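Enquirer: Show me the folded form of this:
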Amino acid sequence: MYQLLKQIISVGIKTEAPPQADEALRMVAQQLQQEILGAFAGSLAIRHVDAGSCNGCELEIHMLNNPYYNIEGLGIKFVASPRHADLLLVTGPVARNMEVALKRTYDAMPAPKLVVAVGDCGCSGGIFGESYASCGRVGNVIAVDVAVPGCPPTPTALMQGILTAISPGSRERA
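Expert: Here you go, the predicted structure:
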């Protein structure tokens, strides 16, 4: 027991080491904050819809709220009502039983409507494709502004997709 305690004291606790600074994350975060301040008066509201995913993308979306990515500190928050949302974040292939709900959510959003399809399933239908139970990609049901591929995409890729959606070029299309 004494040897074990001596080793712990000499080595330290490795799981509590602070993460190394990620330059790409810092740059994306700064760009996001500047765009949000300029276009959305300092706050961006996102409504997330799971249209039939495996929840892999949801885990990465939840990572955005942890202290490392701190998306809420940038002025981005997730809202429960599409009536309060500036951007719709859709994951998964659209299941047939979610088709009407997704359309209603999209219709309830105020203009300009920004839509980001997340993951390979949301962008292309993934391994599910189109079938009796699946409408396939999100673009088959509603208009999509930005697609963020990956299975699942990283939180930094998600932030980059949100940045692309709110950039002035994409707002002119909507």
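Enquirer: Quick one: end-to-end distance for stretch 72-84.
Expert: 16 Å (C-alpha to C-alpha, to the nearest Å).
Enquirer: just use 59 as the starting number from now, easier for me
Expert: Taking 59 as the first residue, the last one we looked at is stretch 130-142.
Enquirer: could you pull out the helices for this protein?
Expert: 60-69, 81-97, 114-121, 157-166, 177-182, 213-224, 226-231 (DSSP state H).
Enquirer: Could I get the contacting residues of Asp165?
Expert: Contact analysis of Asp165 by C-beta atoms under 8 Å, 6 or more residues apart in numbering lists nothing. Using the backbone N, CA and C atoms, a C-beta is placed for each residue, glycine as well.
Enquirer: if I look at it, how far off is Asp108?
Expert: Per C-beta to C-beta, to the nearest Å, Asp165 is found 18 Å from Asp108.
Enquirer: okay if I get the helices of the chain as TSV plus distance to Ile104 and mean pLDDT?
Expert: Below are the helices of the chain laid out as TSV (distance: least, C-beta to C-beta, whole Å; pLDDT from 0 to 100):
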stretch	distance to Ile104	mean pLDDT
helix 60-69	42	78
helix 81-97	11	77
helix 114-121	9	91
helix 157-166	12	94
helix 177-182	15	92
helix 213-224	8	90
helix 226-231	15	56
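Enquirer: which of these sits most buried?
Expert: Burial of those is given as mean neighbour count (mean count of other C-beta atoms under 10 Å); helix 177-182 ranks first at a mean of 25.
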